[in-house]
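J.: Pasting the sequence and the predicted model now:
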Amino acid sequence: MALTVATPALLLPNTGTDTSQVVVLLALIAGGFVFIEYYSKYPSIIEFRFAPPFNRLRFYAVFFCVLLLTVQRAGDSLDSPAAELFMALNRVLSQMLDFPYSPVRLVLLALPEGTPPALVEQVRDAAGIAYLIGLFALLSFVYLVKVKGWPGRHVAFNVWLNLPLFDPTGGGDVLTRLKRNSTVNIVLGILLPFLAPAAVKLIEMVIGPVILTAPQTLIWGMTAWAILPATLVMRGLALARIAEMIEEKRRRTYEELKAEEQFQAA
């Protein structure tokens, strides 16, 4: 996690001393937080600690998104044939995703008027990379849930350990609350790539243009825009799967009790 935070500062050219110091501090904080969370026996904030590879998949999505966006921004300075090939391939893929009403097109429409064509192209390429990575992570998790039966067909799932922020005694039926939270996460995750550019446009009307010329601003902005919605949909699918497991366990319990009652009556 610390390496993920530090990757842009390590690979981008002309990174200032002050920026490097701030990045090192943030990298240490992020790495220390994750280490403490996973070293502790009791859950705190991170969900699905004992239901791999949910968090692993989310981390890989963030890491590869940050890494590839950094390579895309530092491609010329890296002077590598692999970087040039990646940039050419990314340009083709981003152009394919830049069609009317697509999330990539909406990001471009959110740019202020008079944005230089070179910056528009950089934003389009970055949005294409980030959106593809988020989509791939989401499809990978769908495969794990639908085909592999995540978190396990015959594995006990501890709600308290894996959902530390979810209070089963908070009122109402647990099954109903899980399904409601699942629906909210999925809907929000699907709509967020379309709503975020509109929100940026509204902010520009209030406080002025949002500048994406700084490489690290572009990298982290595109990462958040693409990966956050994907993780929300993944969380919604995970909650729906947990609700399905609880419902199935309840049904089996009721069937066993009914069979036992019928046996005693006979």
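T.: In hand now; what should we look at? Numbering: from 1, shown residues only.
J.: ok, residues contacting stretch 150-160?
T.: Contacts to stretch 150-160, defined as Cβ atoms under 8 Å, 6 or more residues apart in numbering, come from residues 43, 48, 50-51, 54, 141, 144, 166, 168, 174, 238, 241-242, 245. (C-beta placed from N, C-alpha, C; glycine too.)
J.: Could you export it as PDB, CA atoms only?
T.: This file holds the C-alpha atoms of stretch 150-160, laid out as PDB (Å, rounded to 0.1, in the frame of the first residue of the first chain):
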ATOM      1  CA  TRP A 150     -17.300 -16.600  -3.200                       C
ATOM      2  CA  PRO A 151     -16.800 -16.500  -0.200                       C
ATOM      3  CA  GLY A 152     -17.100 -20.300  -0.200                       C
ATOM      4  CA  ARG A 153     -20.000 -22.700  -0.600                       C
ATOM      5  CA  HIS A 154     -19.300 -24.500   2.600                       C
ATOM      6  CA  VAL A 155     -17.400 -21.800   4.600                       C
ATOM      7  CA  ALA A 156     -18.900 -20.100   7.600                       C
ATOM      8  CA  PHE A 157     -19.100 -16.300   7.300                       C
ATOM      9  CA  ASN A 158     -18.700 -14.200  10.400                       C
ATOM     10  CA  VAL A 159     -20.600 -11.000   9.900                       C
ATOM     11  CA  TRP A 160     -19.000  -9.200  12.800                       C
END
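J.: buried sites along it?
T.: Of all the residues in stretch 150-160, those buried under the rule 16 or more other Cβ atoms under 10 Å are 150, 151, 157.
J.: give the contact list for residue 71.
T.: For residue 71, the contacting residues are 11, 78, 83, 86, 87, by Cβ under 8 Å, 6+ apart.
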